[in-house]
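**Q** predicted coordinates and the sequence they were generated for:
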Amino acid sequence: MSKEPTSGSKQRRRSDQVTLSQVAEAAGVSPITASRALNHPDKVSERARHSVHAAVERLGYVPNLIAGSLASSRSRLVAVIVPSLVNTVFVEVIQGLQETLEAQGYQILLGNTDYDSDREYQLVRTFLGWSCSALVTAGLRHSQACHTLLANWDHPIMEVMELGKAMDLNVGLDHVAAGRCMAHHLIEKGYRHIVYVGARLSQDYRAGMRFEGHKSVLQANGLAVPLVELNTLGSLQAGAEGLAQVLAHYPQTQAIHFANDDLAAGALLAAQRQGLRVPEDIAIAGFNGLPLGQHVTPQLTTILSPREEIGRLAASTLIQRLSGKAVEHRQHDVGFTLQAGGST
């Protein structure tokens, strides 16, 4: 009596992995063309690209990224490390990076430091071990151990969000100038008692840089420079707490310059709950230009930072370097825009 065929005989065994040659044969192209369609899609025709991707989906082909990296010491992976995955600012930067890199056949490995420099070091160690083609980090400041690790790495490093002396490539904006810009705006509106509210500035140091710009303008105009520093990073609730602290400790305050829009929007909503008129009783300003700030009443005065543009420009610069082309400008200043709303 013949045995019933096992499930393994009815279908290809798991160990029988689909090869690139099989994909090429199914797509009606050469193996070289199939490889280019997957790794350098811009170098093949649209017809060939569609045929190869259709064959990949039909056959269930999974490229061995690590094996591919052994020959070239590189993979099609780009490591991206940010301080937060709940902050919309970094989500939009990631979106710009991902869309641009994926269009050229790259994928991102994503890490979140929670504003912890030691965690950043551990993530860098892990990601570099995966033979990444490049690394993107949010910010120019790293622990000494992390800096040494990166200095000894021979692949492209892109530092984003701020401008300064970078290890390799840099895309960002001048946060000190942004702080000065908002301070000038508030003074021009006639406010003289102005408080800056931030949170954990030793960790969110870019907010600290904006405070330094804010401080320089107020001091140049002979004004006091009170600072309220919260323990909780940007949130609506933290913004409400910031407003409460300002009113308790600096009752003559005419305007509050918040480190970000989340804090500012939270304070604006809290002020309205307390019957305070914005900006007649107290003016409120933020930073980032988040959609939330444009959907409150009055609309929030803020500094608009081009977050997706930072991601796209960083990715396109990396692709240029990875393709062997010379990068004419290693640093890009994306600038910022004062967006005056009714809150000031």
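**A** Here it is on my side, so go on. Here the structure is a predicted model, which is why all the values come from computation and not from measurement.
**Q** show me where the stretch 151-300 of the chain has strands.
**A** For the stretch 151-300 of the chain, applying DSSP state E, counting those that start in this stretch gives strands covering 157-162, 169-173, 194-199, 227-230, 255-258, 283-285.
**Q** residues making contact with the fifth one?
**A** Applying C-beta atoms under 8 Å, 6 or more residues apart in numbering, the set of residues contacting strand 255-258 from outside is 179, 182-183, 186, 189, 191, 193-198, 214, 239, 242-243, 246, 264, 267, 279, 282-287, 344. C-beta here means a position set from N, CA and C on the backbone, and glycine is covered the same way.
**Q** can you list the strands that it pairs with?
**A** Strand pairing for strand 255-258, using DSSP bridges, gives strand 194-199 (parallel), strand 283-285 (parallel).
**Q** just name the most buried of those.
**A** Highest mean neighbour count among the strands paired with strand 255-258 (mean count of other C-beta atoms under 10 Å): strand 283-285, with a mean of 29.
**Q** so the nearest residue to Pro31 once chain neighbours are set aside, which state does it fall into?
**A** Spatial nearest neighbour of Pro31, excluding adjacent residues (C-beta to C-beta, 6 or more residues apart in numbering): Ala24 at 4.4 Å. Secondary structure, DSSP: H, G, I helix; E, B strand; the rest coil: Ala24 is helix.
**Q** my guess is Ala24 meets Arg36, correct?
**A** No: Ala24 lies out of contact with Arg36 (C-beta atoms under 8 Å); the separation is 10.6 Å.
**Q** re the thing from before, what's around the residue nearest to Pro31, how many residues?
**A** By the criterion of other C-beta atoms under 10 Å, Ala24 has 20 neighbours.
**Q** also Ser51?
**A** When neighbours are counted by other C-beta under 10 Å, Ser51 registers 21.
**Q** so what's it up against?
**A** 27-29, 37.
**Q** by neighbour count, which of the residues you listed wins?
**A** The residue in the contacts of Ser51 with the most neighbours, by other C-beta under 10 Å, is Ala37 (25 neighbours).
**Q** whichever strand or helix holds it packs against which elements?
**A** Taking DSSP states H and E as the definition, one finds Ala37 inside helix 31-39. Counting contacts by 3 or more C-beta pairs under 8 Å, 6 or more residues apart in numbering; DSSP states H and E, helix 31-39 packs against helix 20-27, helix 46-59.
**Q** how about JSON lines for these, with mean pLDDT and distance to Thr337 added?
**A** Shown next, in JSON lines, are the helices and strands packed on helix 31-39 (pLDDT from 0 to 100; distance: least, C-beta to C-beta, whole Å):
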{"stretch": "helix 20-27", "mean pLDDT": "90", "distance to Thr337": "47"}
{"stretch": "helix 46-59", "mean pLDDT": "88", "distance to Thr337": "37"}
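**Q** out of the strands paired with strand 255-258, which is closest to Val327?
**A** strand 194-199 (34.4 Å; C-beta to C-beta).
**Q** so who does the closest residue to Gln331 other than its chain neighbours touch?
**A** Excluding the flanking residues, the one nearest Gln331 by C-beta to C-beta, 6+ apart is Asn170, at 4.4 Å. Asn170 makes contact with 140, 158-160, 163-164, 330-332, according to C-beta under 8 Å, 6+ apart.
**Q** what does Ala55 give?
**A** Applying C-beta under 8 Å, 6+ apart, we find Ala55 in contact with 23-24, 26-27, 34, 61.
**Q** just Val327 next, same as before
**A** 169, 317, 320-321.
**Q** all helices for the chain, in order.
**A** Ranges of helices in the chain, per DSSP state H, are 7-10, 20-27, 31-39, 46-59, 65-72, 88-102, 117-128, 144-151, 175-188, 205-220, 236-249, 261-273, 307-322.
**Q** of the ones you listed, which approaches Ala340 most closely?
**A** It's helix 175-188; of the helices of the chain, that one is closest to Ala340 (C-beta to C-beta) at 6.9 Å.
**Q** would you mark the buried spots in the closest one?
**A** Neighbour counts over helix 175-188 (16 or more other C-beta atoms under 10 Å) mark 175-187 as buried.
**Q** next, give me the two most distant ones among the residues you listed.
**A** Largest separation among the buried residues of helix 175-188 by C-beta to C-beta: His175 and Ile187, giving 19.0 Å.
**Q** so Asn288 sits against Ile303, correct?
**A** Yes: with contact defined as C-beta under 8 Å, Asn288 reaches Ile303; the gap is 7.1 Å.
**Q** that'll do, ta.
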